[in-house]
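**Student:** A predicted structure for the sequence below; I have some questions about it.
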Amino acid sequence: MQNTQKQTIGYLPDETPSAGKLILFAFQQILIMFPATVTVALLTGFHVSATIFASGLATLVFLLITKRKIPLYYGSSFSYIAAIIGMTGASYGELAPDSLISQAQFGIICSGLVSVIAGLVIKRFGMDSIEKVLPPTVTGSIAAVIGISLAGVAITGAAGYDASAGTASNNDWIAAIVTLTATVLFSVYMKGLLGQFSILFGIIVGYIVSVPLGLIDFASIWTGNVFALPHFTLPVPNWQGVIAIMPIAIATIPESTAHLFQLDIYVNDLAKKKNKDEYKISDKLGLNLIGDGIGDMVSASIGGPAGTNYGENLSAMAITRNFSSNMLVTSAILAMVLSFIEPVSNAIRSVPSAVVNGACVFLFGAIGAQGIAIMIEKKVDLFNVKNLAVIAVILVVGLGGQYGFPDGNIPIFGVSLPAIATSAIVGIVMNLLLSIEKKTQGTS
């Protein structure tokens, strides 16, 4: 009897923990979300306070749209970093001008529209219709390009590299190497719930090491103010943002899809143990993408980066067996409240560039590896000439354009095209054209 009781401990999406547990579980979700979400803001020049608030607000909207049937937390996506930096020109920890943030916001809103359209198509015609346009050869290659294109940002930031002088900082290297080593070791060897905090713990170790190295300005943390309104900005319509950022949305669709299917497995395993009816979460893929897209629109409308549902938060829910939608609602509200506390934002901004980029060496590489994993999981035939052609062109256009030309923009026929977005569009068009040829041959 006791064993059965232990097996059934947990909370399904429509269940709610007691008040005390609810707050503790909610804070845990916030702590897990914080490192990655705030890192995106620091790297892209967005305001930390607005980013935290937008994360909470977008999560609330997502849960509202999905009628609290898909318990997932929305946070800033690393996939958009290179495209946004290309627009804002931001250096780590330095705020970009509001005018440039506003232009990027418009591109993010348009990228949200891509997810919404994909969701509507899936709801109407099924998943096969999307996979014809976005097969794993395209989405996997684009994810790889996004991750590897960020390699330069991570390694130069870790080195404290001064491009004008051509020099690196030994102290920055020390902090970055310690952070990277700690993050990797925590990720590999730290198990259970603590393992979900590996990035945070790695950054904390790097922060501690940075103190004697003189890399932290403690005076900037306490300015005398406790509460301050988050710095919100409004989007400004522009074609640059649309071209540079909008196509990146296609790389986040497989990621969001994978998280939904994982959630379905976890929730229904718990439901079975509790003798409850099946929760048909996997059937809600279209609704999930619509919620993601509207989350992007909501976040960008007030000055937050593009985002997606977070795998690290999902993993924490799986470990603790707490899938309560009301718990995520509480997390979102608490995140919004924290965004008004100025010392919190200032303390986060005081984390040295070398520390964050030391962790990003691992994180950005993982994004590139995820692209390869998508193709492996979907059993892409790399000996197929059509597949090889699509993958090859996406990789060379994306990475060659990113590193071969200033600011990652490809000059062609009198215009300047963002490399990553161009590789995505070229890959999609090329795949569609080659697929038409294949169908023609098959019917002749």
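**Tutor:** Perfect, I can see it now. No experiment lies behind these values; they were computed from the predicted model shown.
**Student:** what about the strands in the stretch 51-200 of the chain?
**Tutor:** 74-76 (DSSP state E, counting those that start in this stretch).
**Student:** which residues of it fall in helices?
**Tutor:** 81-88, 98-125, 127-133, 136-149, 151-159, 170-189, 198-210 (DSSP state H, counting those that start in this stretch).
**Student:** what is the rounded mean pLDDT of the fourth one?
**Tutor:** Translated: helix 136-149. If you average the pLDDT over helix 136-149, you get 86.
**Student:** Just the CA atoms of it, as CSV, please.
**Tutor:** What follows is helix 136-149, C-alpha atoms only, in CSV (Å, rounded to 0.1, in the frame of the first residue of the first chain):
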residue,chain,number,x,y,z
PRO,A,136,14.6,17.5,-40.9
THR,A,137,17.2,18.1,-43.6
VAL,A,138,16.2,21.8,-43.5
THR,A,139,15.4,22.3,-39.8
GLY,A,140,18.4,20.2,-38.6
SER,A,141,20.8,22.1,-40.8
ILE,A,142,19.5,25.5,-39.8
ALA,A,143,19.7,24.6,-36.1
ALA,A,144,23.4,23.5,-36.7
VAL,A,145,24.1,26.8,-38.5
ILE,A,146,22.5,28.9,-35.7
GLY,A,147,24.6,27.1,-33.0
ILE,A,148,27.9,27.2,-34.8
SER,A,149,27.4,30.8,-36.0
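**Student:** what's that helix packed up against?
**Tutor:** helix 249-273, helix 353-377, helix 385-395, helix 401-404, helix 419-443 (3 or more C-beta pairs under 8 Å, 6 or more residues apart in numbering; DSSP states H and E). From N, CA and C alone the C-beta is placed, and that goes for glycine too.
**Student:** 6 Å instead, please
**Tutor:** Secondary-structure packing of helix 136-149 (3 or more C-beta pairs under 6 Å, 6 or more residues apart in numbering; DSSP states H and E): helix 249-273, helix 353-377, helix 385-395, helix 419-443.
**Student:** Over to the longest one?
**Tutor:** The criterion is 3+ C-beta pairs under 6 Å, 6+ apart, and the helices and strands that helix 98-125 contacts are helix 81-88, helix 127-133, helix 239-245, helix 249-273, helix 285-301.
**Student:** quick one: low-confidence ranges for the stretch 51-200 of the chain?
**Tutor:** Residues of the stretch 51-200 of the chain that meet the criterion pLDDT under 70 lie in 192-193, 195-196.
**Student:** that older thread, which one of the helices of the stretch 51-200 of the chain lies closest to Pro230?
**Tutor:** helix 98-125 (13.0 Å; C-beta to C-beta).
**Student:** Using neighbour counts, pick out the buried residues of that closest one.
**Tutor:** Using 16 or more other C-beta atoms under 10 Å as the test for burial, helix 98-125 gives 98, 100-116, 118-119, 121-122.
**Student:** thinking again about what came up before, which one of the helices and strands packed on helix 98-125 lies closest to Ser187?
**Tutor:** helix 249-273 (18.3 Å).
**Student:** now the angle from the closest one to helix 136-149?
**Tutor:** On the basis of axes from the mean of the first three to the mean of the last three C-alpha atoms, to 10 degrees, helix 249-273 is oriented at 110 degrees to helix 136-149.
**Student:** which secondary structure elements does helix 249-273 contact?
**Tutor:** By 3+ C-beta pairs under 6 Å, 6+ apart, helix 249-273 packs against helix 98-125, helix 136-149, helix 285-301, strand 307-309, helix 311-320.
**Student:** Please point out which parts of it sit buried.
**Tutor:** 249-260, 262-264, 266-268, 270-271.
**Student:** Just say helix, strand or coil for the residue nearest to Ala54 when sequence neighbours are not counted.
**Tutor:** Here the nearest residue to Ala54 in space, its sequence neighbours aside, is Gly304; by C-beta to C-beta, 6 or more residues apart in numbering that works out to 2.5 Å. Three-state call for Gly304 (DSSP: H, G, I helix; E, B strand; the rest coil): coil.
**Student:** Tell me, how many residues neighbour Ala19?
**Tutor:** When neighbours are counted by other C-beta atoms under 10 Å, Ala19 registers 9.
**Student:** how much space between it and Ser79?
**Tutor:** The gap separating Ala19 from Ser79 is 37 Å, by C-beta to C-beta, to the nearest Å.
**Student:** do Arg68 as well
**Tutor:** 26 Å.
**Student:** These two: who's more crowded?
**Tutor:** Between Arg68 and Ser79, counting by other C-beta under 10 Å, Ser79 is the more crowded of the two (26 against 16).
**Student:** right, and that one touches Ile250 too?
**Tutor:** No: with contact defined as C-beta atoms under 6 Å, Ser79 does not count as touching Ile250 (9.8 Å).
**Student:** buried ones in stretch 133-141?
**Tutor:** 134-141.
**Student:** next one: stretch 83-93
**Tutor:** 83-88, 90-93.
**Student:** and if you look at stretch 329-349?
**Tutor:** Judged by neighbour count (16+ other C-beta under 10 Å), stretch 329-349 contains these buried residues: 329-332, 334-336, 338-342, 344-349.
**Student:** now swap in stretch 273-281 and tell me
**Tutor:** So for stretch 273-281, counting by 16+ other C-beta under 10 Å, buried means 279, 281.
**Student:** quick revisit: return the member of the buried residues of stretch 83-93 nearest to Gly371.
**Tutor:** After measuring the buried residues of stretch 83-93 against Gly371 - C-beta to C-beta - the closest member comes out as Ala83, at 15.7 Å.
**Student:** And the nearest residue to Pro136 once chain neighbours are set aside, how far from Ser79?
**Tutor:** Distances taken as C-beta to C-beta, 6+ apart place Lys378 nearest to Pro136, at 3.8 Å, with adjacent residues excluded. Distance of Lys378 to Ser79, given as C-beta to C-beta: 18 Å.
**Student:** repeat for Gly293
**Tutor:** As judged by C-beta to C-beta, Gly293 and Ser79 stand 14 Å apart.
**Student:** next one: Leu260
**Tutor:** 17 Å.
**Student:** got it, and Ile394?
**Tutor:** 15 Å.
**Student:** Format the helices and strands packed on helix 249-273 as a markdown table; extra columns: distance to Ile374.
**Tutor:** Listed next are the helices and strands packed on helix 249-273 as a markdown table, based on distance: least, C-beta to C-beta, whole Å:
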| stretch | distance to Ile374 |
| --- | --- |
| helix 98-125 | 16 |
| helix 136-149 | 4 |
| helix 285-301 | 16 |
| strand 307-309 | 14 |
| helix 311-320 | 14 |
